[in-house]
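Novice: What follows is a predicted structure for the sequence shown.
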Amino acid sequence: MTHRKRFFIRIVCWMLAIGFAAALPAVANDSEESDSLAYLLAQMSVLSAYDFETDTAGTAVADTDFAADWSILLAGGGTAAVAEDTAGKYAKFDKYSAVELKNMYFGPSESYAVSYRGKFGEKGHNYLFVRGTQVLKRNGTVMNWYESDGSGAGSGVGGSGIYFRVYNDDQIQVSVKSYDANKGKHVATNEALLSVYPEGEGTLTADFHTYTCYDNGNGTIWFYIDGEHKATILYSGATTYAADNYETVATATANPIHASYYKDVAVLNAAGETKLSVENALVAVEGRVAFGHRNVTNTYYDEIKVYTKDLKIDLSGTSKYGTGNLSLLTGDESTKRCFVGMDTFAYFRNSGGMALNLGTIDLSKYDRVTITWWDAACGNARTLAAGNVNFALTTTGALDTTTNKQVEQAGVNKLASWSLSAAKSISAKDDFRSAETITLPLNSSYSGNLYLAYMGTTNAVAVSQITLHAKAPVKVPETSLWKDISYRGNVFSGYFKDAACAIPYDAGDSEDPGAAYVKFVDANVLSVKAQKSDGTDGKKNIRFVTTVDSLNYKKVGFEITVGGKTIFKETTKVYEALQAGTQQIEPGVFSSQSCYFAAYSLWEIPESAFDTEIKVRAYWETPNGIVVYGAYKTVTVNGLE
């Protein structure tokens, strides 16, 4: 983008009175479409990936590095070992087994994807589960991912969630668990059989294929085979089932844990036709990812990947900081009823001053942190007073010299914090859990050890999950998109290779194509101001002005709408100052971040159009080809001074 030192009134002329006759540019659709898997995955980072190629044939899967991210569960003679043939190495499962992503669940608004290469027998009981709950007892039976649910359905396994399986060469089956008080375990399985290839043309049971499930976290799941969209699942209506007294931990069947579920679910084929509708579904609001196998032979997996836009902290890899009474436990080590069977959790046993070292984290990619915490009294009635549960995100330093415990000090090491705003009364049968979100400083450049400090005065609080939410995609899409991107009073300014956001990101020459820095600027930079001046013969002119913060943009322009017709006018030239009569105007009148002006004028507007509304917004194209719009401004000639 080029710039000039001084800009005077006349720029270009456009006759408002004759209407807008210019052809409109094509506008790309940036919505999440089910046929855009490559783009969806390009916006995410890989949370876990494994392909077994470096493992020795015959090695138990539990003894490979795959087990660092996944729990392997075997029963009934089940085996899971590395197998090898001329094409490579795979994980081979037989009989009864399951694998579950460790220490992770995906909550509301958390998008994720799981992808794998697999080869399965016809109508084999091999399942990919999404949005299932933690494995717990139901009516005295452990409802594992491979356990029969007793519903009588042909594929009825597990206690909750949605699962996919290969049915034959040409078809897949999508099953949805639901609550049914008439069933022995209060669980039913609802099945939809989908034809994904013309009859006789598929090879799902004969060959390896790549299966991908993408969940946007906001009510839609898309399922793909070899990158082609094959099914859509819609979910909504979060609820709990008050009569469901079977979702319990092993030691407390009298005190059930009521998980939250999405109750309304629909399964659609690739053409968008509804093939199954389910009420009272058991599709978990906080869902797990798992694979289940029931009495199978020769089931193969390879290239198993999990993607996410967010960073989930594995609490088993964290450590205690300071001398406070803080423990890292698993549910098997806990005597507390509400944590039996749970993954690793941090247990703050007394008040204030304790901190959990979350490890080295670059905060430039994140804008929020969600902390899921529990009242760890677990069955003891009490009231949590307002202000008595407090968490802070802190950096290194600032120890209390007396207790040698970390303390939060605003301006010293405190980044952000959260405090319980209202009292919460908890009954003896209430396992109180809450997920709180702490907002981080915009464009935080901190990179280093990050600590979660507990500063409350309430004894016995547990943290079961910590998630850092990405503030924007971490990888630039390959095509330009016209989109509105805003963020707490700021607008998107581009992807960059460096933390200072000075060198535009280029996927073609980046050493790490998944590590772009994201820049936001004050939304006022991209706002619009309008000035009126006299034309000839009683007509008027309007000049629209916006600004940019740098010369990194490819172009800047205005979208102008009058009477339902819209044109786009853009420029690659900007200016350091404007001259209006004898007065020189600087870009800082828009924002302290504004450095250059861009402008466009409508000339010779007739008096008959002085009360006609003109709707305008500015836009710029980032160096990565993404077009971003500012807020609308509506003016009339008579409304301007």
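Specialist: Here it is on my side, so go on.
Novice: Find the least confident helix or strand in this protein, judged by mean pLDDT.
Specialist: Sorting the helices and strands of the chain by mean pLDDT, DSSP states H and E puts strand 482-483 at the bottom, at a mean of 36.
Novice: Determine the number of other residues adjacent to Asp522.
Specialist: Neighbours of Asp522 under the rule other Cβ atoms under 10 Å: 19. Where C-beta positions appear, they are placed from N, C-alpha and C, glycine not excepted.
Novice: helices or strands up against the helix or strand hosting Tyr96?
Specialist: Per DSSP states H and E, Tyr96 falls inside strand 88-101. On a contact count with 3 or more Cβ pairs under 8 Å, 6 or more residues apart in numbering; DSSP states H and E, strand 88-101 meets strand 70-85, strand 288-308.
Novice: Not counting whichever helix or strand comes after the longest one itself, show me its contacts.
Specialist: Per DSSP H and E, the first helix or strand lying C-terminal to strand 288-308 is strand 311-313. With Cβ atoms under 8 Å, 6 or more residues apart in numbering as the contact definition, strand 311-313 has outside contacts at 45, 47, 103-104, 358-359, 361, 365-366, 465-468, 470.
Novice: re earlier: list the buried residues in the strand holding Tyr96.
Specialist: 89-101 (16 or more other Cβ atoms under 10 Å).
Novice: okay, the angle between it and strand 288-308?
Specialist: For strand 88-101 against strand 288-308, the angle by axes from the mean of the first three to the mean of the last three Cα atoms, to 10 degrees is 110 degrees.
Novice: ok now strand 88-101, how far from the chain's centre?
Specialist: Put simply, strand 88-101 sits 28 Å off its chain's centre (Cα atoms, centre = their mean, to the nearest Å).
Novice: circling back: name the stretch among the helices and strands packed on strand 88-101 that sits most buried.
Specialist: strand 288-308 (a mean of 21; mean count of other Cβ atoms under 10 Å).
Novice: what packs against that strand?
Specialist: Using 3+ Cβ pairs under 8 Å, 6+ apart, strand 288-308 sits against strand 45-50, strand 70-85, strand 88-101, strand 112-119, strand 126-132.
Novice: sorry, back to before: take the contacts of strand 311-313 and lay them out in JSON lines including neighbour count and distance to Thr571.
Specialist: Shown next, in JSON lines, are the contacts of strand 311-313 (neighbours: other Cβ atoms under 10 Å; distance: Cβ to Cβ, whole Å):
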{"residue": "Ser45", "neighbour count": "17", "distance to Thr571": "36"}
{"residue": "Leu47", "neighbour count": "20", "distance to Thr571": "43"}
{"residue": "Asn103", "neighbour count": "20", "distance to Thr571": "52"}
{"residue": "Met104", "neighbour count": "22", "distance to Thr571": "48"}
{"residue": "Leu358", "neighbour count": "22", "distance to Thr571": "46"}
{"residue": "Gly359", "neighbour count": "14", "distance to Thr571": "47"}
{"residue": "Ile361", "neighbour count": "18", "distance to Thr571": "41"}
{"residue": "Lys365", "neighbour count": "23", "distance to Thr571": "32"}
{"residue": "Tyr366", "neighbour count": "19", "distance to Thr571": "35"}
{"residue": "Gln465", "neighbour count": "22", "distance to Thr571": "49"}
{"residue": "Ile466", "neighbour count": "24", "distance to Thr571": "46"}
{"residue": "Thr467", "neighbour count": "22", "distance to Thr571": "42"}
{"residue": "Leu468", "neighbour count": "23", "distance to Thr571": "39"}
{"residue": "Ala470", "neighbour count": "19", "distance to Thr571": "33"}
